[in-house]
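Peer 1: Sharing a model prediction with you, sequence too.
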Amino acid sequence: MVDDDAGKPRESLGRILTRAVRLRCPACGHERLYSGWAMRRSCPKCGLNWQREPGFYLGSIYINYGLTALLLAIVYPLLLFGGWASNQQLLAGALVFCLIFPIWFHRYARSLWLAFDVWLDPDSPRSLSPGSDERPNSREQSAGD
Ligand SMILES: [Zn+2]
């Protein structure tokens, strides 16, 4: 348990977002959030729990969808009215973009969602001990029952 960071001044949003974009731990910036496409359970360095409660990362869909729609809403009219492409070409391109971009951006959306949570609540769950990349054992989970 790492409680010695409690009371520490809040990190700047810019620093936390930079760590998120680099897919690093938003709290310390040292460890990678992902091993391939799979998100790791916790930060081995600072102990921040990256696997929150079920449904925690549902909110990252808003980031993913929002950025996809925003990019399309900006680029499509620019290309269409700028005379760069026909409507049929743009529709085909938009379809491909809407299928590929959210899949690629998925990890970044989750990382950004976690970063916002850390920024809003710097003392958020650090239930796993540093160095542990394992699931907390079932005895600890049911201790409050
Ligand atoms: Zn960390």
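Peer 2: Good, I have the coordinates.
Peer 1: Nearest to the middle of the chain, which residue? Look it up for me.
Peer 2: Residue closest to the mean C-alpha point of the chain, counted by CA atoms, centre = their mean, is Ser111 at 1.6 Å.
Peer 1: show me the residues around that residue that make contact.
Peer 2: 20-21, 23, 26, 33 (CB atoms under 8 Å, 6 or more residues apart in numbering). For the C-beta atoms, the positions are set from N, CA and C on the backbone; glycine is no exception.
Peer 1: Just those: which are in helices?
Peer 2: With DSSP state H as the criterion, helices contain 20-21 from among those.
Peer 1: Just the buried residues from the contacts of Ser111, in PyMOL please.
Peer 2: To isolate the buried ones among these in PyMOL, judged by 16 or more other CB atoms under 10 Å, type:
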select buried, resi 20+23+26+33
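Peer 1: quick revisit: for the residue nearest to the centre of the chain, I want the exact helix or strand it lies within.
Peer 2: helix 87-120 (DSSP states H and E).
Peer 1: Using JSON lines, lay out the contacts of Ser111 together with pLDDT and distance to Ala115.
Peer 2: Shown next, in JSON lines, are the contacts of Ser111 (pLDDT from 0 to 100; distance: CB to CB, whole Å):
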{"residue": "Ala20", "pLDDT": "95", "distance to Ala115": "4"}
{"residue": "Val21", "pLDDT": "96", "distance to Ala115": "9"}
{"residue": "Leu23", "pLDDT": "96", "distance to Ala115": "10"}
{"residue": "Pro26", "pLDDT": "94", "distance to Ala115": "4"}
{"residue": "Leu33", "pLDDT": "95", "distance to Ala115": "10"}
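Peer 1: Can you pick out the most distant pair from the contacts of Ser111?
Peer 2: Using CB to CB, the pair of the contacts of Ser111 lying farthest apart is Val21 and Leu33, separated by 11.2 Å.
Peer 1: Show me how far stretch 74-93 is from its chain's centre.
Peer 2: Mean-position distance between stretch 74-93 and its chain equals 30 Å (CA atoms, centre = their mean, to the nearest Å).
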